[in-house]
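Engineer: Need a 3D model of the following:
(one chain, ligands or ions: 1)
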Amino acid sequence: MTTPQSPAERPRIGVLVSGRGSNLQAILDAIASGELVAQVALVISSRRDAPALEIAAAHGVATRVIVPKDYPSRAEAGAEIVAALRQADVRLVALAGYKPILDASVTRAYPNGILNVHPSLLPAFAGGMAPRPQTEALTAGVKISGCTVHFVTEEVDAGPIIAQAAVPVLDDDTVESLSARILDEEHRLLPRVIGLALSGRLRIDDKRVVIG
Ligand code: GRF
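Structural biologist: The predicted structure is shown next:
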């Protein structure tokens, strides 16, 4: 029989945000329901006015605002992010609506330790923040879209894919209705994949990720 971990013993994750924070909320909800055994040790926002900061504060989660353009270079902003994550003893990082492109120093500091959720079935409609991928999916006329959780590497939206969830694209969809359908799946997928990554069950074989 396993002993349930006390909150303080749970694996510490960091969440990077830039906006609304619905994926952060989904992570916190999954922790509260016991579906995800983890603790959000730190939320870092690239914007001072991100609503996600209020979500973090409402849950008593420590926050930092690190605005890349306040630093002389992307590398220096990256160093600050790594220092903050290390200080918070973070083991795994989730990008949840984080807009800036991460400096390579951050991806190097957390090899296979940073996850991103993207609102398309990668490699289709890579690059660009919501709602660009959803808009491109509609314009391209695809019948199925969805979301992807992948490891973050130096190449944007090109790291090994861990999991995807598909949704139908309906004839009368707007960018808003398609985005909302995809977002529901993001909220399910991201906490699940964080749990898998923390469990150590993910094996990377070149571009393929296998759940052991
Ligand atoms: C999500 O659609 C995510 O896939 C994309 O940006 C959006 C963030 O939403 N990277 P939220 O801030 O988590 O509500």
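
Engineer: mind listing what Phe151 touches?
Structural biologist: Taking C-beta atoms under 8 Å, 6 or more residues apart in numbering, we find Phe151 in contact with 112, 114-116, 159-160, 162, 204, 209. The C-beta positions use only the backbone N, C-alpha and C, and glycine is treated the same way.

Engineer: quick one: which two of those residues are the most distant?
Structural biologist: Between any two of these, the greatest separation by C-beta to C-beta is 14.9 Å, found for Asn116 and Ile204.

Engineer: These two: which is more packed in?
Structural biologist: Comparing Asn116 with Ile204 by other C-beta atoms under 10 Å, the one with more neighbours is Asn116, at 24 against 14.

Engineer: ok, residues contacting the strand or helix carrying the more buried one?
Structural biologist: Asn116 is part of strand 114-118 when elements are defined by DSSP states H and E. By C-beta under 8 Å, 6+ apart, the residues outside strand 114-118 that reach it are 23, 92-98, 102, 106-107, 126, 133, 147-152, 157, 159, 162, 186, 189-190, 193-194, 197.

Engineer: what do you get for stretch 11-21?
Structural biologist: Here stretch 11-21 has contacts from 23-24, 27, 37-47, 50-56, 81, 84-85, 88-100, 194, 198, using C-beta under 8 Å, 6+ apart.

Engineer: repeat for stretch 127-137
Structural biologist: 97, 99, 118-120, 124-126, 145, 156-157, 169, 175-176, 178-179, 182.

Engineer: Mind listing what's buried along it?
Structural biologist: Buried residues in stretch 127-137, counted by 16 or more other C-beta atoms under 10 Å: 128, 130-131, 133-137.

Engineer: Also near the ligand: which of the residues you listed, exactly?
Structural biologist: The subset of the buried residues of stretch 127-137 within reach of the ligand, by C-beta under 6 Å from any ligand atom, is Ala130.

Engineer: So which of the contacts of strand 114-118 are in helices?
Structural biologist: 23, 106-107, 133, 186, 189-190, 193-194, 197 (DSSP state H).

Engineer: Of the contacts of stretch 11-21, keep whichever come out buried.
Structural biologist: Buried among the contacts of stretch 11-21 by 16+ other C-beta under 10 Å: 23-24, 27, 37-47, 50, 52-53, 55-56, 81, 84-85, 88, 90-98, 100, 194, 198.

Engineer: Which among the contacts of stretch 127-137 count as buried?
Structural biologist: Neighbour-count burial within these applies to 97, 118-120, 125-126, 145, 157, 169, 175, 178-179, 182; the criterion is 16+ other C-beta under 10 Å.

Engineer: Let me know the closest of those residues to the ligand.
Structural biologist: Of all the buried ones among the contacts of stretch 127-137, the ligand sits closest to Gly97, with 2.6 Å by C-beta to the nearest ligand atom.

Engineer: Now that closest one: closest residue in space that isn't a chain neighbour?
Structural biologist: Nearest-residue entry for Gly97: Gly19, 5.0 Å, with adjacent residues in sequence omitted and distances by C-beta to C-beta, 6 or more residues apart in numbering.

Engineer: Could you check how many residues crowd around that neighbour?
Structural biologist: Neighbour count for Gly19, taken as other C-beta under 10 Å: 20.
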